[in-house]
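Colleague: requesting a structural model of the entry that follows:
(chains A and B)
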Number of protein chains: 2
Amino acid sequence: MVSKAVAKYVQALHHKKYRQRYGAFLVEGGKSVRELLSSGLAVEHLLVSPEFAAQLGPLPPAAPPPVLASESELTQLSTLSTNLTALAVARRPPELPLPPTLTQTRLVLALDAVADPGNLGTLLRLADWYGLPGVVLGAGCADAFGPKTVAASMGSFARVPVWERELADWLASLPPAAPVYGADLQGDNVHRLDLRPAGVLVMGSESHGLTPAVAARLSRRLHIPRAPGGGAESLNVAISAGILLDNFFREL
Amino acid sequence: MVSKAVAKYVQALHHKKYRQRYGAFLVEGGKSVRELLSSGLAVEHLLVSPEFAAQLGPLPPAAPPPVLASESELTQLSTLSTNLTALAVARRPPELPLPPTLTQTRLVLALDAVADPGNLGTLLRLADWYGLPGVVLGAGCADAFGPKTVAASMGSFARVPVWERELADWLASLPPAAPVYGADLQGDNVHRLDLRPAGVLVMGSESHGLTPAVAARLSRRLHIPRAPGGGAESLNVAISAGILLDNFFREL
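Modeller: Purely as a prediction, here's the structure:
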């Protein structure tokens, strides 16, 4: 049985305003909740179906005691409509330092107005696969801790640091030696370059591309070749990032 | 003003059962409707806001006369909630032949239980970018003509042929010389192979991988290397397909 106060808190966290105010976010669904519990992130509330509770195994010492909830209670509290066996409230992780020198040795992914939460979650998962040190979110990006982003990240929300920055200013603050890459249909063919994973890779909004102030900071434009006879005008932003990252990490 | 009969028809087409019964589907939003109109696909109904009508330009000769609709009418008829300026009903294109010899010279994408319509639409867009001759959909795939698939395909729904097949049987019917590739965490590193775009590339469901009868038909398993220190267990199915296709089309 979920208390009214907890129910109200959970429902407030459907909204970005309250996620920011309380520094907390929702993790929905059994798979994501398991990832959360093994991540080391602080957990405030853990609401589970009896079936999920039975399979849960030992909890980390700092986890709150799980509260049993019926499937209909969980569905009412959740932004999801199906498959609901568990829901948690987690503390937003404290922001890690982002030293400008990081981009001299590591490749940081930066996103410019990537507004679709599904795309953002998929990009976090991709950053996790490639072991990137984190993702910088510029203005106009979806909330990294929104429910759809968390779900699409498939657990990577708990592992990939994010930083919110005014992107053009942040790029301007980096050491000049750090390359700033961006995708561009008029860029250099990635298959012909010897790319190394250091610097920044900036991906823009699907509908509008990079904002001009950000585009002005690129030191190298990259182009994914379309096959002869190909019809699509462009690729999904997460697909483009995946292909570019595979090219950055080829020689390792 | 949209007639009651048309409104009822449009609303029926929200459902797969009626899309199949009538051989028709919905195209929603200005960008997708423009792609439809320039595609050569048959259009049955064209409902547009006055603003969209003013910018529409000349229609193809076979297009029906556009019917003006208010934004609230369009929103009521649509599966989308925002940005609604145009909605069309299109005829499902007749299925093209799928000769078994096609896979000797071209790479066909085949999908095994890819149930998420957003992923399916993104995969159609990817197939379009790489100029693939089409996509074979096995059991358990999302509807290629469902509204979310159409939207995610960003216009590629009008250009990429699809075939619905029992996948294991279809793979068994192919010439033995045609390679059948599949993604597998235990497969060969794609960076070390000289892949050529002919045969079949099979992508499986994200949660369950390839069904055993399909997996038994693979002649080569491909693995996208994860970077050292990477944390994610796997990649999104459309991202994996994008990276694999980039590797197939590198040398062209």
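
Colleague: what's the burial count for the closest residue to A:A177 other than its chain neighbours?
Modeller: Leaving aside its sequence neighbours, A:A177 sits nearest to A:Q104 (CB to CB, 6 or more residues apart in numbering or on different chains; 6.5 Å). C-betas here are computed from N, CA, C, even on glycine. For A:Q104, the neighbour count with other CB atoms under 10 Å in any protein chain shown is 14.

Colleague: isn't A:Q104 right next to A:R196, touching?
Modeller: No: at 11.5 Å, A:Q104 does not count as touching A:R196 under the criterion of CB atoms under 8 Å.

Colleague: after the one helix or strand the residue nearest to A:A177 maps to comes which helix or strand?
Modeller: Under the criterion of DSSP states H and E, A:Q104 resides in helix A:102-105. Next in sequence after helix A:102-105, counting helices and strands by DSSP H and E, comes strand A:107-112.

Colleague: which residues touch that next one?
Modeller: A:102, A:120, A:123, A:126-127, A:130, A:132-141, A:167, A:170-171, A:197-205, A:210-211, A:214, A:241, A:245, A:248 (CB atoms under 8 Å, 6 or more residues apart in numbering or on different chains).

Colleague: among those, which ones are buried?
Modeller: A:102, A:120, A:123, A:126-127, A:130, A:132-138, A:141, A:167, A:170-171, A:197-205, A:210-211, A:214, A:241, A:245, A:248 (16 or more other CB atoms under 10 Å in any protein chain shown).

Colleague: among those residues, which are in helices?
Modeller: Among these, the residues falling in helices (DSSP state H) are A:L102, A:L120, A:L123, A:L126, A:A127, A:L167, A:W170, A:L171, A:V214, A:A241, A:L245, A:F248.

Colleague: A:L26 in helix, strand or coil?
Modeller: strand (DSSP: H, G, I helix; E, B strand; the rest coil).

Colleague: got the phi/psi numbers for the closest residue to it other than its chain neighbours?
Modeller: The shortest distance from A:L26 to any non-neighbouring residue, by CB to CB, 6+ apart, is to A:L13 (5.0 Å). Backbone torsions for A:L13, taken as degrees, to the nearest 10, come to phi -70, psi 0.

Colleague: A:L13: what's it in contact with?
Modeller: A:R19, A:Y22, A:A24, A:F25, A:L26, A:V89.

Colleague: tell me if the strand of greatest length in chain A is near chain B.
Modeller: In chain A, taking DSSP state E as the definition, the longest strand is strand A:180-189. No: against chain B, strand A:180-189 shows no contacts by CB under 8 Å from any CB of the partner chain, the least distance being 10.0 Å.

Colleague: how about that strand: buried residues?
Modeller: Going by 16+ other CB under 10 Å, strand A:180-189 has these buried residues: A:V180, A:Y181, A:G182, A:A183, A:D184, A:G187.

Colleague: so can I have CSV of the residues you listed showing pLDDT?
Modeller: What follows is the buried residues of strand A:180-189, written out as CSV (pLDDT from 0 to 100):
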residue, pLDDT
A:V180, 98
A:Y181, 98
A:G182, 96
A:A183, 90
A:D184, 85
A:G187, 92
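
Colleague: dump these to CSV, plus distance to B:L68.
Modeller: Formatted as CSV, the buried residues of strand A:180-189 follow (distance: CB to CB, whole Å):
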residue, distance to B:L68
A:V180, 47
A:Y181, 46
A:G182, 41
A:A183, 39
A:D184, 39
A:G187, 42
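
Colleague: and of those, the nearest to A:K148?
Modeller: A:A183 (23.4 Å; CB to CB).

Colleague: ok, now how distant is that closest one from chain B?
Modeller: Plainly put, A:A183 is 13 Å away from chain B if you go by CB to the nearest CB, to the nearest Å.

Colleague: shouldn't that residue be in contact with A:S240?
Modeller: Yes: using CB under 8 Å, A:A183 is in contact with A:S240, at 5.2 Å.

Colleague: identify the contacts common to those two.
Modeller: Joint contacts of A:A183 and A:S240 (CB under 8 Å, 6+ apart) are A:M203, A:I224.

Colleague: and the residue nearest to A:A168 when sequence neighbours are not counted, how many neighbours?
Modeller: Using CB to CB, 6+ apart and skipping the chain neighbours, the partner closest in space to A:A168 is A:A213 (3.8 Å). Neighbour count for A:A213, taken as other CB under 10 Å: 15.

Colleague: so which pair among the contacts of A:L13 is furthest apart in space?
Modeller: A:Y22 and A:L26 (11.0 Å).

Colleague: for the stretch 151-252 of chain A, which residues are neighbours of chain B?
Modeller: Contact residues (CB under 8 Å from any CB) of the stretch 151-252 of chain A with chain B: A:152, A:154-156, A:159-160, A:191, A:197, A:224-236, A:238-240, A:242-243, A:246-247, A:249-250, A:252.

Colleague: buried subset of those as a PyMOL selection?
Modeller: Selection of buried members from those for PyMOL, criterion 16+ other CB under 10 Å:
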select buried, chain A and resi 152+154+155+156+159+160+191+197+224+225+226+227+230+231+232+234+235+236+238+239+240+242+243+246+247+249+250
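
Colleague: in strands, which of the residues of the stretch 151-252 of chain A next to chain B appear?
Modeller: Per DSSP E, these never map to strands.

Colleague: circling back to that earlier point, which one of the contacts of A:L13 has the most neighbours?
Modeller: That'd be A:F25 among the contacts of A:L13, by other CB under 10 Å, with 27 neighbours.

Colleague: is the nearest residue to that one once chain neighbours are set aside in a helix, a strand, or coil?
Modeller: Spatial nearest neighbour of A:F25, excluding adjacent residues (CB to CB, 6+ apart): A:F145 at 3.8 Å. At A:F145 the chain is in coil, as set by three-state DSSP.

Colleague: burial of A:F145, as a residue count?
Modeller: So A:F145, with other CB under 10 Å, has 22 neighbours.

Colleague: that one and A:F157 touch, don't they?
Modeller: Yes: in this structure, A:F145 is within contact of A:F157 by CB under 8 Å, at 7.1 Å.

Colleague: report how many residues lie close to A:V108.
Modeller: 25.

Colleague: quick one: low-confidence ranges for the stretch 51-200 of chain A?
Modeller: The stretch 51-200 of chain A contains residues with pLDDT under 70 at A:83.

Colleague: how far away is the residue of it found nearest chain B from A:G182?
Modeller: Closest residue of the stretch 51-200 of chain A to chain B, CB to the nearest CB: A:G131 (3.5 Å). Distance of A:G131 to A:G182, given as CB to CB, to the nearest Å: 21 Å.
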